[in-house]
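Q: Give me the fold of what follows.
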Amino acid sequence: MEQILRHPLFLFLALFALMSLGSLGSIFLLRRKKRLDGAELDDFNLVQGATLTLLALLIGFSFSMAISRYDQRKNYEEEEANAIGTEFLRADLVSSDRREKIRSLLKHYVQLRIDYYQTRDVKALAALAEQTNGQQAQLWSEIQQAAKEQATPIVALAVSGMNDVINTQGYTQAAWLNRIPVSAWILLIVIALICCMLVGYSARSQVGKSIFPLVLPAMVALSMAMIADIDTPRGGLIRVVPQNLLSLQQSLP
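A: Model (predicted):
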């Protein structure tokens, strides 16, 4: 399920096929056995309306969850760029020999963070994480040595800034892992399938005479695919572009 969610186009095709099967199946199987009329039809319309309303609410809540996570990833990218830029300036507070080393490491670190946002390859991501951890260890070692050489409140500002650089990377990683749970997706798909079956059961026309039974499956599949696209950091078309990190990289001397 998680693999499909990473590819919104495949998710759309799979959901459209599933929802269409449910809608058409209710037309050709269920409705042939029993047709509703009178009081039963009124009760059915009530249940159908309530179910469709529930589906709309769940899709709306899921979209809101995906948007909030997308905004969170964007905000952390901005915070990360600000933290690195601030630490680059605070490197002036340490001795000259440490200063150039820290700035050189920060320049390389910026490129690693840009690669983190832009890569889609899982294997490359694992190697990138290892390089990032190594780069952070070097940065912390340099600022630690600088603090030991000059144990002053001014140098403490540089130490605090380096701590922010490392912390923001952790916040970013946590935000990218924070996605809509698979169990919520399964529940949403089950309710959507039931809705498509109800709409197909109540449809007066069949495929061949009208495309109405396929409208709801298409809209539901498209809505869920868009939610998955927003919620998937490395898949689909909607992704966080590291604009602030790229601007920072260009501004560094």
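Q: Longest helix of the protein, counting residues only.
A: helix 39-90 (DSSP state H).
Q: for it, the distance to its chain's centre please.
A: How far helix 39-90 lies from its chain's middle: 10 Å, per CA atoms, centre = their mean, to the nearest Å.
Q: what about the following helix or strand past it, distance to the chain center?
A: Beyond helix 39-90 on the C-terminal side, the first helix or strand identified by DSSP states H and E is helix 96-118. Computed by CA atoms, centre = their mean, the chain-centroid distance of helix 96-118 equals 26 Å.
Q: same check, this time on stretch 130-137
A: 24 Å.
Q: i'd like the first residue to be 840 from this point on
A: All set: I'll call the first residue 840, so the last point we hit is now stretch 969-976.
Q: same question for it, mean pLDDT?
A: For stretch 969-976, mean pLDDT rounds to 93.
Q: try stretch 1028-1043
A: For stretch 1028-1043, the mean confidence score works out to 83.
Q: Contacts for it, please.
A: Applying CB atoms under 8 Å, 6 or more residues apart in numbering, the contact partners of stretch 1028-1043 are 854, 857-859, 861-866, 869-870, 875, 883-884, 886-887, 890-891, 893-894, 897, 1049, 1051-1052, 1055-1056, 1059, 1063. Yep, even glycine has a C-beta here, placed from its N, CA and C like the rest.
Q: Buried among those? Make that a PyMOL selection.
A: Those of these that count as buried under 16 or more other CB atoms under 10 Å are selected in PyMOL with:
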select buried, resi 854+857+858+859+861+862+863+865+866+870+887+890+891+894+1052+1055+1056+1059+1063
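Q: helices or strands next to the longest helix of the chain in the packing?
A: Counting contacts by 3 or more CB pairs under 8 Å, 6 or more residues apart in numbering; DSSP states H and E, helix 878-929 packs against helix 935-957, helix 992-1016, helix 1021-1041, helix 1051-1070, helix 1082-1090.
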